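> Quick one: sequence plus predicted model below, questions after.
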Number of protein chains: 2
Amino acid sequence: MVTAPAVEVLDDEIGVANAEAFRRLDVADPWVVDVATARDVIPGYDENLVLTSGAPMPWTEYVGGQREALIGGALFEGLAASRDEAVAKFASGAIRIGACHDYSAVGSLAGIYTASMPVFVVENRAHGNIGFCNFYEGKEPRRLNYGCYDEGVHERLLHVNTVLAPVVGEAIRRTGGVPLKSLIARALRMGDEVHSRNAAASMLFNREILPAVLDMVHDEVPGVRETMVHLAENDYFFLRLSMAAAKVTADAMAVPRSTLVSAMAFSCRGFAIKLAGLGDRWFEGPPPVHEGKLFAGHTEDEITWMGGESPITETVGLGGFAQACALTLQEYQGGSAEVMIERNRQMYDITHGESSTYRIPLFDFRGTPTAIDARKVLETGTTPVMDVGLAGRDGGQIGAGIIRAPRECFEAAMAAFEASA
Amino acid sequence: MVTAPAVEVLDDEIGVANAEAFRRLDVADPWVVDVATARDVIPGYDENLVLTSGAPMPWTEYVGGQREALIGGALFEGLAASRDEAVAKFASGAIRIGACHDYSAVGSLAGIYTASMPVFVVENRAHGNIGFCNFYEGKEPRRLNYGCYDEGVHERLLHVNTVLAPVVGEAIRRTGGVPLKSLIARALRMGDEVHSRNAAASMLFNREILPAVLDMVHDEVPGVRETMVHLAENDYFFLRLSMAAAKVTADAMAVPRSTLVSAMAFSCRGFAIKLAGLGDRWFEGPPPVHEGKLFAGHTEDEITWMGGESPITETVGLGGFAQACALTLQEYQGGSAEVMIERNRQMYDITHGESSTYRIPLFDFRGTPTAIDARKVLETGTTPVMDVGLAGRDGGQIGAGIIRAPRECFEAAMAAFEASA
């Protein structure tokens, strides 16, 4: 990139900042060390706080499935006895809404957290920061995070709180924590990209905690058999761990003057990104562009946006940036092997470097394209690709596919960056 | 393939035979249903019988590591008190040598079976036949099947007999058997080709038996924790199951006038194949041609042949015929992704059809090239490729790589085939 002398100094400063932000991303060392209740471990978590995905917005901006999910969260937590009461309390501020990212957390789809929900506690041992993600609700398409709340959703969430999470937490503690970086690297060699495909990572995680689990059965800890069978049957279980691992990795990137992207997320209103050099500011754009494959019986016009922060995985060089590892996703989200490979290759054009740990066998173990440089997105016109689940307007998952972050976010971010120089 | 009228009738007869042999291969439904002692389940197994890999040969033809392995087997089983006694008894016939394949079994490398060894019992539920494979000895490079026998080898074999096999057997029986075909199909989507890479298949198998295992811990069955930790740490464990599954699949192919290959194996003397249309006859050639990657500290001139029947996996469209599923093998056996993909594609030129179950994500889920047609090998000059471990002349595994079946086997087979017309 040749630039005029006046900009060269600035560019060099950016180069140094980006190198440091990239280094921090690349050396991150995420470990899951515990499962605990949100109110007990997330700093600043109040009883009346509900977290949700995307850049923070006032209550009135939350519409459709994301609004339904917030209401469902309030009802689940007992913050309101009825829908109407929940709506009134959100409107008055008696129930507060927070953005997951502001609480070192990341949310899947609508990304609802309430005070009693168990969360994975993930430490970045290279940088010292901590992050969180709550639990996968299970395979049922009707889930709180897909804008649904009914008796079944309530029961499944309660089951997570009272059975699954306590068992998994004890297994993690007895194991002494589980290092996630090497586990993810291994999963990439086994057909996962740890965003829309987590089959291998889930099994690898179960394998890590197996000795502790066997001891727990021996010690007659309740719920162990049921929990392990549930884990064995839920290939998506690990996503919440890859998200938390990615969050603590990306949060370590904060370096003034860096143009690298440190977060990508969306709400019902639109997509948003953060830059490593611009602190907690979000730069918003319209909803993402998508290309997907719908489950039988659903149509394109049903697709709706109700939030999503799993693109934190792409932010650190996983998910869509590693999709050449997970060609089996063709079946789930459409496309062909060739298209997936080409899409993955494109991401090298917009990233700062290549992961020294996460590698792609098909590319002769080249590291995954890692750390999106907002400048390169604008220069090339290539936007980041993400593998996601697709939500339907009546709630529930109706398909899966890829989305592209809108260019507007990068334009807004670089305009702010230049203004801050 | 256009042929002269005189041959057309014959060719049509072959076409019908090959279609039927292929169909039987393709619909095979292998289940592992038990672990039992060789003497108890392998038909015709006498106390003084030692099985080994490859076409059967007289004792004097077994040299090097394969001879050492036979002697080790005799000592392990207590058929002789010393090396000299073992040699004398083999020479006199007091200890008998059998070819694994003649006993519905397949052996890894030297492929030693003795009467007390536990074997997986695999049923082909589509055809009604049964096959066997004994257990993986573990990661230690010094193994009986690599021509080594010492105190450590003895201890590890005994541990298999007394701890690992009984636990795995009980878990399989409690589970009601484990269907292997769908499991292998899934493993191919997770980076395995179930010959030189079995990481996913091993985990998937452990997952299948997990509920039974948890019950066994609860019931205080001895050795369960130790066995499951051993299984979790041994990614190669499943190979013996994929071999037995492949054996019952290939054994179902016996159809008069078929030119499809129903077995490939080698001994210290050379490579050999069987045709589905020519019963139990072996057609021999020189040792295979190889291309490999050696473990640190070893050299090319150390490579030696001491037997191998794991190419039964390639016989049914797995292993080298599915290596585009397992590009991670580059690290283990050398080569590049591009070479592995091209090699896999070549196999379509010499096979009768494509598997309806075993599919390659990289090829947009095209079925693996399946059922080698000896005629096509001669027509194209392309020989079957196999992923194998490489043995050293002083015993032990010294590397891994690919081998090619020698053309001479196919020439001999087709000459016999034409003579039998």
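Great, that's in hand.
> I'd like to know which residues of the stretch 201-350 of chain A are adjacent to chain B.
A:203-204, A:206-207, A:210-211, A:213-215, A:217-218, A:220, A:224-225, A:228-229, A:232, A:327-328, A:330-331, A:336-338 (C-beta under 8 Å from any C-beta of the partner chain). C-beta here means a position set from N, CA and C on the backbone, and glycine is covered the same way.
> cutoff 10 Å now
Within the stretch 201-350 of chain A, the positions near chain B by C-beta under 10 Å from any C-beta of the partner chain are A:202-204, A:206-208, A:210-211, A:213-218, A:220, A:224-226, A:228-229, A:231-233, A:324-331, A:335-338, A:340-341.
> Enumerate every residue touching A:F417.
A:14, A:257-259, A:275, A:277-278, A:281, A:283, A:374-375 (C-beta atoms under 10 Å, 6 or more residues apart in numbering or on different chains).
> Quick one: the helices in the stretch 101-250 of chain A, in order.
A:151-159, A:165-175, A:180-188, A:199-218, A:224-233, A:239-251 (DSSP state H, counting those that start in this stretch).
> any chance of those in JSON lines, with mean pLDDT and mean neighbour count too?
As requested, those are exported to JSON lines (pLDDT from 0 to 100; neighbours: other C-beta atoms under 10 Å in any protein chain shown):
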{"stretch": "helix A:151-159", "mean pLDDT": "96", "mean neighbour count": "15"}
{"stretch": "helix A:165-175", "mean pLDDT": "98", "mean neighbour count": "21"}
{"stretch": "helix A:180-188", "mean pLDDT": "98", "mean neighbour count": "23"}
{"stretch": "helix A:199-218", "mean pLDDT": "97", "mean neighbour count": "22"}
{"stretch": "helix A:224-233", "mean pLDDT": "94", "mean neighbour count": "20"}
{"stretch": "helix A:239-251", "mean pLDDT": "98", "mean neighbour count": "28"}
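> Now do the strand ranked longest in chain A: distance to the chain's middle.
Criterion DSSP state E: the longest strand present in chain A is strand A:351-360. Its chain's C-alpha centre and that of strand A:351-360 lie 19 Å apart, by C-alpha atoms, centre = their mean, to the nearest Å.
> List the pairing partners of that strand within its sheet, with orientation.
strand A:366-372 (antiparallel) (DSSP bridges).
> Going toward the C-terminus from the strand it pairs with, what's the next helix or strand?
helix A:374-380 (DSSP states H and E).
> I'd like the average pLDDT over that next one.
Across helix A:374-380, pLDDT averages out at 98.
> Need the contact partners of it.
With C-beta under 10 Å, 6+ apart, helix A:374-380 has contacts from A:1, A:11, A:14, A:18, A:258-261, A:273, A:275-278, A:283, A:346, A:348-352, A:373, A:382-384, A:405, A:407, A:409-414, A:417.
> ok, now with 8 Å
A:1, A:14, A:259-261, A:273, A:275, A:349-351, A:382-384, A:405, A:407, A:410-411, A:413-414, A:417 (C-beta atoms under 8 Å, 6 or more residues apart in numbering or on different chains).
> and if you look at stretch A:154-164?
Stretch A:154-164 is touched from outside by A:75-76, A:116-118, A:135, A:137-138, A:140, A:143-144, A:223, A:226-227, A:230-231, with contacts defined as C-beta under 8 Å, 6+ apart.
> Just flag the most distant two among those.
Greatest spacing in those, by C-beta to C-beta: A:L75 and A:L231 (27.3 Å).
> Neighbours of A:R281, how many?
15 (other C-beta atoms under 10 Å in any protein chain shown).
> so it is in which element?
Using DSSP H and E, no helix or strand contains A:R281.
> quick one, what contacts it?
Per C-beta under 8 Å, 6+ apart, neighbours of A:R281: A:274-275, A:416.
> For the nearest residue to A:F363 once chain neighbours are set aside, list the residues it contacts.
The shortest distance from A:F363 to any non-neighbouring residue, by C-beta to C-beta, 6 or more residues apart in numbering or on different chains, is to A:A324 (6.4 Å). Taking C-beta under 8 Å, 6+ apart as the criterion, A:A324 is in contact with A:340-341, A:344-345, A:360, A:362-363.
> what do you get if the cut-off is 7 Å, keeping everything else the same?
Contacts for A:A324 (C-beta atoms under 7 Å, 6 or more residues apart in numbering or on different chains) come out as A:340-341, A:344, A:360, A:362-363.
> do the same with A:E137
Listed by C-beta under 7 Å, 6+ apart, the contact partners of A:E137 are A:143-145, A:156-157, A:160.
> In the stretch 201-350 of chain A, which residue sits nearest chain B?
Nearest residue of the stretch 201-350 of chain A to chain B: A:L327, at 3.9 Å (C-beta to the nearest C-beta).
> pLDDT at the nearest residue to that residue once chain neighbours are set aside, what is it?
Spatial nearest neighbour of A:L327, excluding adjacent residues (C-beta to C-beta, 6+ apart): B:P361 at 3.9 Å. pLDDT for B:P361: 97.
> ok, how many other residues are close to B:P361?
Neighbour tally, B:P361, other C-beta under 10 Å: 22.
> what's the answer for A:E61, then?
When neighbours are counted by other C-beta under 10 Å, A:E61 comes out with 15.
> wait, what's in contact with it?
With C-beta under 7 Å, 6+ apart, A:E61 has these contacts: A:R269.
> From A:P384, how far out is it?
To A:P384, A:E61 is 24 Å away according to C-beta to C-beta, to the nearest Å.
> ditto for A:R281
Applying C-beta to C-beta to A:R281 and A:P384 gives a distance of 18 Å.
> What are the boundaries of the strands in the stretch 251-400 of chain A?
Assigned by DSSP state E, counting those that start in this stretch, the stretch 251-400 of chain A shows strands spanning A:261-266, A:271-275, A:283-284, A:289-294, A:303-304, A:351-360, A:366-372, A:385-392, A:397-404.
> So for the third one, mean pLDDT?
The average pLDDT within strand A:283-284 is 98.
> Same question for the fourth one.
Looking at strand A:289-294 alone, the average pLDDT works out to 89.
> In terms of secondary structure, what does that strand contact?
strand A:397-404 (3 or more C-beta pairs under 7 Å, 6 or more residues apart in numbering or on different chains; DSSP states H and E).
> what about 10 Å?
strand A:303-304, helix A:329-333, strand A:385-392, strand A:397-404 (3 or more C-beta pairs under 10 Å, 6 or more residues apart in numbering or on different chains; DSSP states H and E).
> In its sheet, which strands sit next to the third one, and in what direction?
Just to be clear, that refers to strand A:385-392. Strand A:385-392 is paired, per DSSP bridges, with strand A:303-304 (antiparallel), strand A:397-404 (antiparallel).
> Enumerate the positions of it that are buried.
A:385-392 (16 or more other C-beta atoms under 10 Å in any protein chain shown).
> Now render the strands paired with strand A:385-392 as CSV, adding mean neighbour count.
Listed next are these as CSV, based on neighbours: other C-beta atoms under 10 Å in any protein chain shown:
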stretch, mean neighbour count
strand A:303-304, 19
strand A:397-404, 22
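> For A:E151, find the nearest of these.
strand A:397-404 (18.9 Å).
> Domain ranges for chain A, per the record?
A:5-26+A:255-419, A:30-243 (automatic domain parsing).
> Can you give me the first-to-last residue distance of the last one?
Which is domain A:30-243. 11 Å (C-alpha to C-alpha, to the nearest Å).
> From the chain's centroid, how far away is it?
A distance of 11 Å separates the centroid of the chain from that of domain A:30-243, by C-alpha atoms, centre = their mean.
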